[in-house]
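Q: what would the 3D arrangement of this be:
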Amino acid sequence: MADSGVYAGRTKTAAQATLDSAEKHGRAALAAAPDDLPPEMRERLESAVATIGRKEVEYVVAGLFNAGKSTLLNGLLRQVILPHSDRPETGAPAWLRRRKTLRARVQTRGGVQEDLAPEPQEIAKRTSLYDENGHHRSDSLAEKLEIDSPKLPLDERMSIIDLPGLRDSEAMNTLALSIAYQADVVIWMFRSDHTFSKEDAEAVSAITATCGAHVVQLVVNVISEKPKASSWRAFKKERLPVHRLRISENALDSGLDDSHAANLLAVHARGFRHGFWGVTYGGRELRRFFRQAAKKDIGVMKTARLVRLARAAVFCRQWSDFEQSAAESAFETARQLHAAYQERMARRARLQQDAQRLVDQCFSNLKSAMGAAATAQAAQISAKGYKADMSYTSDVVEAACDAVTAHMHNLAFNLSSLAIDPEARAPEEADHQRIRESFVGASAGQSPEAALRALAASEIGLIETRKLGLSVGRAWNWIRGRGDTEAASAVSELQDKIRRRMGDVSVRLAKQQSAVKHLAQSSIEAPPIPVVPPPDPARRDALGVFAARLNELGAMAELGR
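A: As a prediction, this is how the structure comes out:
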């Protein structure tokens, strides 16, 4: 016996550890829940997490209005305390607990607790939907009723809740189901004269979908004026199988199975307290049901709450999977759009670099071309053909202008060729005109051609042959066949001057390189495109964390089953 006690203690400890861990994971899932989690899903998850940590095991007596719930509970209390009538009566849920002293109290909607006499007339004034004149109570209706009784067949760690009947109003339906969704056991009552109806099946289906079918215990309330042993035996023999068959027929719609039909309890709510040893009108079976519950391991009963938590996690996971898929799709679309935007901007940047490179190459080639033109001009002057006072100014200026003009046209052609890329625009004539004007430093209203000629003429200046006088030295050299050294020296001097002045033109033009570069880049710059920001992974990641927490929750629930 000692060993079995130790084993039971270990079982309870293990069960409580599982519940504590599940509650921890549940709170982590709630903390990770996105702000737009639908309210009904958040409430269901919050309810399941709150239920996991609840100390008491709760039995709920539920059913359509006028099913006999309050009458049944009065039978369990062994005295009439809860008000009951043929019309919808219960307007505030009642918590019944086993305590040493009989006591009744209500909690107002303002949160204040008030003691009441444990009598149906006094309690009805605060919890019944209608007053004695048939008027609907609203302002004076209490939020909840609590009754302590030493006669309840329950463990002190258990409570029974009397719920408002369904099918009275939407508000009462919502209130009753919200409490039923948190119950450890739901005793669903229905009347024998109505059988297990479609409305019963719909309500039970909502409970089984949230809590699992294992929490439901069906009870049929046998309706008759006065209990008679013969009619009771006849009911159990003739009508009870019909009710079980009807439950089996509605099993698919209600989420139940054949075991619920087989375990159906039949009770005469008004008469089971007055039965004798042979016939107790369901009292013996009902008390046996509660005695067996009282003997159960509380930790094991609480562990059954994991099913509710798992279902809440699955319920939320369906939404999470859909939203995560949408978020992943939106993220991928945004990533592709941003990648395309980055590619376009990178191509535009490369085009700007290409335009800059073309300008740099143009000025570099121009410098070489000017040097080649100067060499060609210098080659036309020779000592043998030397003529005094001959001007080469016009030819050198023309050569310089031709070289510059050729490279300006070449630059324009190369810039236009960049427009093949769709991320560049084709330079217009006005763009080329501005580039030419900037190239030669033209002033306002001055044509590029005139500015170029003025620049070349200014830098080159006069290029003329030097007049050589007749001297003994020149004559002696001629006689000796040494050639005209003075003419050769003058020619060399003139050639150096041509090359130097042409180089000055290149240096002067090089000062415009930066301005030309800017205009060249502007000439191919396409219209701006809308900025596409990088994708924000926040929602996708948040949903991923939420899904991971729900998976952990589901794993914990499976572990505890």
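
Q: packing partners of the helix or strand hosting Ala376?
A: Under the criterion of DSSP states H and E, Ala376 resides in helix 305-379. Using 3 or more CB pairs under 8 Å, 6 or more residues apart in numbering; DSSP states H and E as the contact criterion, the secondary-structure elements in contact with helix 305-379 are helix 2-32, helix 39-52, helix 198-211, helix 393-417, helix 485-510, helix 513-524, helix 538-560. For the C-beta atoms, the positions are set from N, CA and C on the backbone; glycine is no exception.

Q: list the buried ones in the fifth one?
A: Judged by neighbour count using 16 or more other CB atoms under 10 Å, the buried positions of helix 485-510 are 486-487, 490-491, 494-495, 497-499, 501-502, 504-506, 509.

Q: again with the last one
A: When burial is assessed from 16+ other CB under 10 Å, helix 538-560 yields the following buried residues: 539-540, 542-547, 549-550, 552-554, 556-557, 560.

Q: do the shortest one as well
A: Neighbour counts over helix 513-524 (16+ other CB under 10 Å) mark 513, 515-517, 519-521, 523-524 as buried.

Q: shaky segments in the chain?
A: Applying pLDDT under 70 to the chain flags the ranges 1-13, 86-89, 131-139, 167-168, 273-278, 297, 383-386, 468-484, 557-561.

Q: about what we covered before: just put the helices and strands packed on helix 305-379 in CSV and tack on distance to Glu423.
A: Compiled in CSV, the helices and strands packed on helix 305-379 are given as follows (distance: least, CB to CB, whole Å):
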stretch, distance to Glu423
helix 2-32, 43
helix 39-52, 47
helix 198-211, 57
helix 393-417, 14
helix 485-510, 30
helix 513-524, 9
helix 538-560, 30
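
Q: out of those, flag the one nearest Ile223.
A: Proximity to Ile223, assessed across those by CB to CB, is greatest for helix 198-211 (14.9 Å).

Q: can you list contacts of that closest one?
A: By CB atoms under 8 Å, 6 or more residues apart in numbering, the list of residues contacting helix 198-211 from outside reads 44, 62-64, 166-167, 177, 180-181, 183, 186, 188, 190, 215-216, 250, 253-256, 307-308, 311-312.

Q: which among these end up buried?
A: Using 16+ other CB under 10 Å as the burial test, these include 44, 62-64, 166-167, 177, 180-181, 183, 186, 188, 190, 215-216, 250, 254-256, 307-308, 311-312 as buried.

Q: so which of those residues are in strands?
A: 62-63, 186, 188, 190, 216 (DSSP state E).

Q: mind putting the residues you listed into CSV with distance to Arg109?
A: Formatted as CSV, the entries for these read as follows, by distance: CB to CB, whole Å:
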residue, distance to Arg109
Ala62, 22
Gly63, 25
Val186, 26
Trp188, 28
Phe190, 31
Val216, 30
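
Q: just to confirm, which helix or strand has Val219 in it?
A: When elements are defined using DSSP H and E, Val219 is found to belong to strand 216-221.

Q: the helix holding Ala376: how far from the chain's middle?
A: Taking CA atoms, centre = their mean, to the nearest Å, the mean C-alpha location of helix 305-379 is offset from the chain mean by 25 Å.

Q: how much does that helix deviate in direction from helix 538-560?
A: On the basis of axes from the mean of the first three to the mean of the last three CA atoms, to 10 degrees, helix 305-379 is oriented at 150 degrees to helix 538-560.

Q: and helix 305-379 with helix 513-524, angle?
A: Between the axis of helix 305-379 and that of helix 513-524 there is an angle of 130 degrees, by the same axes, to 10 degrees.

Q: helix 305-379 to helix 393-417, inter-axis angle?
A: 160 degrees.

Q: ramachandran coordinates for Val267?
A: The main-chain torsion angles of Val267 are listed as degrees, to the nearest 10 and equal phi -140, psi 140.

Q: is it in a bridge, and if so with what?
A: Note on Val267: beta-bridge partners by DSSP bridges are Asn221.

Q: let me see the contact set for it.
A: Under the criterion of CB under 8 Å, 6+ apart, the contact list for Val267 reads 72, 219-222, 281-283, 285-286.

Q: and the gap between it and Leu240?
A: Separation of Val267 from Leu240 (CB to CB, to the nearest Å) stands at 11 Å.

Q: name the residues contacting each of these two.
A: Residues touching both Val267 and Leu240 (CB under 8 Å, 6+ apart) are Val220.

Q: quick check, nearest of the buried residues of helix 538-560 to Ala412?
A: Sorting the buried residues of helix 538-560 by distance to Ala412 puts Arg540 at the head of the list, at 49.9 Å, by CB to CB.

Q: quick check: the closest one touching Ser325?
A: No. Taking CB atoms under 8 Å as the contact criterion, Arg540 and Ser325 are not neighbours in contact, 10.0 Å apart.

Q: wasn't Ser443 part of a helix?
A: No. Note on Ser443: no helix contains this position according to DSSP: H, G, I helix; E, B strand; the rest coil, which reports coil.

Q: counting neighbours, what do you get for it?
A: Residues lying near Ser443 (other CB atoms under 10 Å) number 9.

Q: Leu226 and Gly271 touch, don't they?
A: Quick fix: residue 226 is Lys, not Leu. Yes. Taking contacts as CB under 8 Å, Lys226 lies within contact range of Gly271: 7.3 Å.

Q: coming back round to it: quick one, which of the helices and strands packed on helix 305-379 is nearest to Phe290?
A: For these, distance to Phe290 was read as CB to CB. The smallest value, 19.3 Å, belongs to helix 198-211.

Q: brilliant, that's me finished.
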